[in-house]
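[1] no sequence on this one, just coordinates:
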């Protein structure tokens, strides 16, 4: 490591040799990105070895659509857009529609950027 390129804690002036030494990150607990930087991002096998896809497999093979919507609602997951709409409510609204073909329209651009 090149000492002069390391992050320097503004309070202690200590050079941090890893994310775990940076105070900002010490106050956080990673859930979604807990393996970031520790596994090969191009290896599905490594991701699966770390438990990746386990929840998707459980949902697909062991849970009903109703149970999935309840689990998502209990999690408190919300959309990342400005409204923060509860994902469980959105999924339940789609699930409970009458039989037949259903469509979910997704705005994949959740970015809030200024337009000039």
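    Sure, I can see it. Since this is a predicted model, take the numbers as computed values, not measurements. Numbers count the residues shown, from 1 in each chain.

[2] check contacts around residue 107.
    residue 81 (CB atoms under 8 Å, 6 or more residues apart in numbering). (C-beta placed from N, C-alpha, C; glycine too.)

[3] what of residue 85?
    So residue 85 contacts 78, 79 (CB under 8 Å, 6+ apart).

[4] same thing with the one 3 residues further on?
    With CB under 8 Å, 6+ apart as the criterion, the residues that contact residue 88 are 69, 70, 71, 72, 73, 74, 75, 77.

[5] just the element for the residue nearest the centre of the chain, please.
    What sits nearest the mean C-alpha location of the chain, by CA atoms, centre = their mean, is residue 32, with 4.1 Å. Residue 32 belongs to no helix or strand when assigned by DSSP states H and E.

[6] distance of it relative to residue 80?
    12 Å (CB to CB, to the nearest Å).

[7] cool, and residue 94?
    18 Å.

[8] just how off-centre is the worst-scoring helix or strand of the chain on mean pLDDT within its chain?
    Least confident element among the helices and strands of the chain, by mean pLDDT, DSSP states H and E: helix 23-26 (a mean of 86). Relative to its chain's centre, helix 23-26 lies at 19 Å (CA atoms, centre = their mean, to the nearest Å).

[9] what helices and strands are in contact with that helix?
    Contact here means 3 or more CB pairs under 8 Å, 6 or more residues apart in numbering; DSSP states H and E; on that basis helix 23-26 packs against no helix or strand.

[10] going forward, the N-terminal residue is numbered 504.
    Yes, from this point I'll number from 504; that puts the last item at helix 526-529.

[11] just to revisit the earlier point, can you tell me which of the contacts of residue 591 has the most neighbours?
    The most crowded member of these, judged by other CB atoms under 10 Å, is residue 572 (21 neighbours).
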